[in-house]
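S.K.: no FASTA, just this:
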């Protein structure tokens, strides 16, 4: 009876955590979209591609300015998600991303339960994963396929642990097609299997490395150039190298210099402290999990782009650390508990980790400068402040599939068409829709000035007819580019 009660409490704790974080994730991700506070980059890019895939087209993607998004990152997972567009429209990917994170957390829980045989560590690992600052930062910044893709990693570990090899390769496939650079993590997973696992798993480590390497090189040398009409893959410009071999050669030739680059700026040191304080310091005690973080550290901290190594006011580049740190930290505590016979040791580490993660989560800034505490402000939910009713009225006046140029926060809601542009780009768009309030409040000074200047020009241009003007929401029709019914 006692064991049955314990199992029930364990299940109830899991359900409670899932419900709490599902609500938190929804508040962070869905409420801003409902209130027109999401942005053209990057949600609109993926929304327009999903719209095209749902209608059996590959492109173009007019926000990213590519013939198809497969010419940028090779993310086939969107094709699998495309049918959901007809159910959830522009909310589809945000909803998918939330469920993906919840799903990834369950994978963390199940793996830790098998790995440690400790229900408390499993629950804490789930809590650390769900509260990891990188997840909240990513969810606050629209949608990205690497968020979905990395959620398959804990399931890969789980299926290996359970020796369900068929499922392992299915989830490896899903990870690879989510985004091509996740292949680097898969390669290091294969290396970890070779170095740290039993002999029967080493062959799967070799196969994983071969599959992932071949897939990545086919993507960057064949698929992306094909879809880019002869263009090249542009996401490897780090560490004085533009190809995997060149980057690897430079790292091997100057290892100490490479390590120094991980800490050569204040922003990098701050970001590294975030990772260590969230549990990363314990992962050093479990090298097989630390190995999985190596490609992420190199990708982020050797990049010439500050967006990739900045946590505070950051984007989506730290979410991949979530399963690695939560699993690695709990596995490390489990090993310490076995090595040192002091029961309080486990609970001491748990309390410190939970406190550190909550502190980091409450203090980190999202990309727009806000914090998690914004969800407690009434203004965060105000449809009146966002002019939502007026924006919806104006959008309804735009014919289906008419070409549109829109202010930043409006673009994600107008991606159900072949041509949508971020104002002040127009390219003879048939309609222009603006929220003057949003323009005036934009944090991007360069964008704000350019958009505001162009709006003033349109106001004086007789080639544009104002067909809606209410509370700062304005819709113009371009009289020189009449809309042609499809």
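M.R.: Cool, got the structure. Just so you know, these numbers come straight off a predicted model, no measurement behind them.

S.K.: in the top helix by length along the chain, what's buried?
M.R.: In the chain, taking DSSP state H as the definition, the longest helix is helix 2-34. Neighbour-count burial for helix 2-34 flags 10, 13-14, 17-18, 21, 24-25, 27-30, 32-33 (criterion: 16 or more other CB atoms under 10 Å). (C-beta placed from N, C-alpha, C; glycine too.)

S.K.: lowest-confidence one in these?
M.R.: Lowest pLDDT within these is found at residue 10 (88).

S.K.: and that one, how far from residue 22?
M.R.: Distance, residue 10 to residue 22, by CB to CB, to the nearest Å: 19 Å.

S.K.: what does residue 12 give?
M.R.: 16 Å.

S.K.: over to residue 255?
M.R.: The separation that residue 255 has from residue 22, given CB to CB, amounts to 43 Å.

S.K.: likewise for residue 50?
M.R.: 22 Å.

S.K.: what is the longest helix of the chain packed up against?
M.R.: Applying 3 or more CB pairs under 8 Å, 6 or more residues apart in numbering; DSSP states H and E, one finds that helix 2-34 contacts helix 92-116, helix 119-130, helix 133-140.

S.K.: what's the shortest one packed up against?
M.R.: Contacting helix 133-140 under the criterion 3+ CB pairs under 8 Å, 6+ apart are the following elements: helix 2-34, helix 92-116, helix 145-150, helix 321-339, helix 343-363.

S.K.: picking that back up, which one of the buried residues of helix 2-34 is nearest residue 465?
M.R.: Closest approach to residue 465 among the buried residues of helix 2-34 (CB to CB): residue 33, at 29.5 Å.

S.K.: which residues touch that closest one?
M.R.: Shown in contact with residue 33 (CB atoms under 8 Å, 6 or more residues apart in numbering): 43, 90, 91, 94, 412, 413.

S.K.: what do you get for residue 307?
M.R.: So residue 307 contacts 314, 315, 317 (CB under 8 Å, 6+ apart).

S.K.: circling back to that earlier point, highest mean neighbour count out of the helices and strands packed on helix 2-34?
M.R.: Across those, averaging neighbours per residue (mean count of other CB atoms under 10 Å) puts helix 133-140 on top, at a mean of 26.

S.K.: quick one, domains of this protein?
M.R.: For the chain, automatic domain parsing gives the domain ranges 2-37+73-375, 388-478.

S.K.: turn these into CSV, columns for distance to residue 381.
M.R.: Listed next are those as CSV, based on distance: least, CB to CB, whole Å:
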stretch, distance to residue 381
domain 2-37+73-375, 6
domain 388-478, 11
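
S.K.: quick one, which of these is nearest to residue 58?
M.R.: Between the domains of the chain, domain 2-37+73-375 lies closest to residue 58; by CB to CB that is 7.6 Å.

S.K.: so how far is that closest one off the chain centroid?
M.R.: 10 Å (CA atoms, centre = their mean, to the nearest Å).

S.K.: strands along the stretch 301-450 of the chain, start to end?
M.R.: 404-406, 420-422, 431-435 (DSSP state E, counting those that start in this stretch).

S.K.: does the second one pack against any helices or strands, and if so which?
M.R.: Here strand 420-422 is seen to pack against strand 404-406 when contacts are counted using 3+ CB pairs under 8 Å, 6+ apart.

S.K.: what average pLDDT does the strand it packs on get?
M.R.: For strand 404-406, the per-residue pLDDT averages 97.

S.K.: helices and strands around it, which ones?
M.R.: strand 420-422, strand 431-435.

S.K.: sheet partners, orientation included, of the last one?
M.R.: Here strand 431-435 is paired, per DSSP bridges, with strand 404-406 (parallel), strand 473-478 (antiparallel).

S.K.: circling back: what angle sits between the longest helix of the chain and helix 119-130?
M.R.: Angle between the axes of helix 2-34 and helix 119-130 is 0 degrees (criterion: axes from the mean of the first three to the mean of the last three CA atoms, to 10 degrees).

S.K.: out of the contacts of residue 307, grab the one that's most surrounded.
M.R.: With neighbours taken as other CB atoms under 10 Å, the top of the contacts of residue 307 is residue 314, carrying 26 neighbours.

S.K.: can you find the helix or strand in this structure with the smallest mean pLDDT?
M.R.: In the chain, the helix or strand scored least confidently by mean pLDDT, DSSP states H and E is helix 244-253, which has a mean of 76.

S.K.: just checking, which helix or strand succeeds it along the chain?
M.R.: helix 255-261 (DSSP states H and E).

S.K.: buried residues in that following helix?
M.R.: Neighbour count says helix 255-261 has 258, 261 buried, by 16+ other CB under 10 Å.

S.K.: same thing with stretch 380-393?
M.R.: Those would be 380, 386, 387, 390, 391, for stretch 380-393 by 16+ other CB under 10 Å.

S.K.: ok, now stretch 421-439?
M.R.: 421-424, 426, 429-439.

S.K.: quick check: which ranges of the stretch 251-400 of the chain have low pLDDT?
M.R.: 339-342 (pLDDT under 70).

S.K.: residue 404 is in contact with residue 423, correct?
M.R.: No - Residue 423 is beyond contact range of residue 404, at 9.1 Å (criterion: CB atoms under 8 Å).

S.K.: which residues do those two both contact?
M.R.: residue 432.

S.K.: and stretch 378-392, how far from the chain's centre?
M.R.: 26 Å.

S.K.: what does it contact?
M.R.: The contact list for stretch 378-392, computed with CB under 8 Å, 6+ apart, reads 31, 34-37, 374, 410, 413, 435, 437, 470-473.

S.K.: just stretch 418-428 next, same as before
M.R.: Contacts of stretch 418-428 (CB under 8 Å, 6+ apart): 40-41, 44, 48, 60, 62-63, 401, 403-408, 411, 414, 429, 432, 434, 450-451, 453-455, 478, 480-481.

S.K.: can you check stretch 274-290 too?
M.R.: 128, 132-133, 192, 195-197, 293, 311-312, 318, 321, 324-329, 331-333, 335-336, 349, 353, 356-357, 360, 364.

S.K.: buried sites along that stretch?
M.R.: Buried-residue list, stretch 274-290, by 16+ other CB under 10 Å: 274-275, 277-283, 285-286, 288-290.

S.K.: could you export these to CSV, including columns for distance to residue 56 and secondary structure?
M.R.: Converted to CSV, the buried residues of stretch 274-290 look like this (distance: CB to CB, whole Å; DSSP: H, G, I helix; E, B strand; the rest coil):
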residue, distance to residue 56, secondary structure
274, 43, helix
275, 42, helix
277, 48, helix
278, 43, helix
279, 44, helix
280, 44, helix
281, 49, helix
282, 48, helix
283, 44, helix
285, 50, coil
286, 46, coil
288, 43, helix
289, 42, helix
290, 44, helix
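
S.K.: same list, those residues, but as JSON lines with distance to residue 123 please.
M.R.: Formatted as JSON lines, the buried residues of stretch 274-290 follow (distance: CB to CB, whole Å):
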{"residue": "274", "distance to residue 123": "23"}
{"residue": "275", "distance to residue 123": "22"}
{"residue": "277", "distance to residue 123": "21"}
{"residue": "278", "distance to residue 123": "17"}
{"residue": "279", "distance to residue 123": "15"}
{"residue": "280", "distance to residue 123": "20"}
{"residue": "281", "distance to residue 123": "21"}
{"residue": "282", "distance to residue 123": "17"}
{"residue": "283", "distance to residue 123": "19"}
{"residue": "285", "distance to residue 123": "21"}
{"residue": "286", "distance to residue 123": "19"}
{"residue": "288", "distance to residue 123": "23"}
{"residue": "289", "distance to residue 123": "19"}
{"residue": "290", "distance to residue 123": "23"}
